[in-house]
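*Asks:* the amino acid sequence is not available; the structure is as follows:
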């Protein structure tokens, strides 16, 4: 259809409209995958992980808002071993530690965001913001990816528990000219 001199050429905009329609259809399809495929897969893998690992925790489904649901692996809370003495009394307030959480959150567009909440001690500093590991289309989320997410989660919570400010120092073997910096990567 040829455009007349008085009417604008919408051809490039119509390509964008078609792309927009495709994205809207993807959202519908992605949302359908959550209850039938993704939620059962996520629950199953996380429950099996808890069973095999012996870690104390629970897998919870948060489904109060349709199409914004999540499946959460929560390692719970525990006594931090730290308590605050209250005034001049023998009363102590125990500080509770949240042990860390791995979250699979359904986004508004049906994609799945994977996040980690590091451990933190209530009343001792501010908890870190959630760490987004990745955002996946439903067809991309497989059990193997979940193992990688669990590995990252365990790495993060282990590093939090083993926190110190020591940086590994390595001195390369060999001649080091004065004023010449050699960067040695951390392992």
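*Replies:* Nice, thanks for sending it over. All of these numbers come straight from a predicted model, not from anything done at the bench. Numbering: from 1, shown residues only.

*Asks:* how far off centre is stretch 49-56?
*Replies:* How far stretch 49-56 lies from its chain's middle: 19 Å, per C-alpha atoms, centre = their mean, to the nearest Å.

*Asks:* what about that stretch, average pLDDT?
*Replies:* The average pLDDT within stretch 49-56 is 96.

*Asks:* buried set for it?
*Replies:* Under the neighbour-count criterion of 16 or more other C-beta atoms under 10 Å, stretch 49-56 has residue 49 buried. In short, each C-beta sits where N, CA and C put it, glycine included.

*Asks:* do the same with stretch 101-114
*Replies:* Neighbour-count burial for stretch 101-114 [16+ other C-beta under 10 Å]: 101-107, 110-114.

*Asks:* from start to finish, how long is it in a straight line?
*Replies:* Stretch 101-114 has an end-to-end distance of 11 Å (criterion: C-alpha to C-alpha, to the nearest Å).

*Asks:* flag the shaky bits of the chain, pLDDT-wise.
*Replies:* Within the chain, the ranges that satisfy pLDDT under 70 run 1-5, 165-187.

*Asks:* longest helix in it, please.
*Replies:* The longest helix of the chain (DSSP state H) is helix 11-33.

*Asks:* neighbouring contacts of it?
*Replies:* 67, 106, 108-111, 137-139 (C-beta atoms under 8 Å, 6 or more residues apart in numbering).

*Asks:* just stretch 125-144 next, same as before
*Replies:* Contacts of stretch 125-144 (C-beta under 8 Å, 6+ apart): 26, 29-30, 33-34, 37-38, 41-42, 45, 98, 103-104, 107, 110-118, 120, 145, 149, 152, 156.
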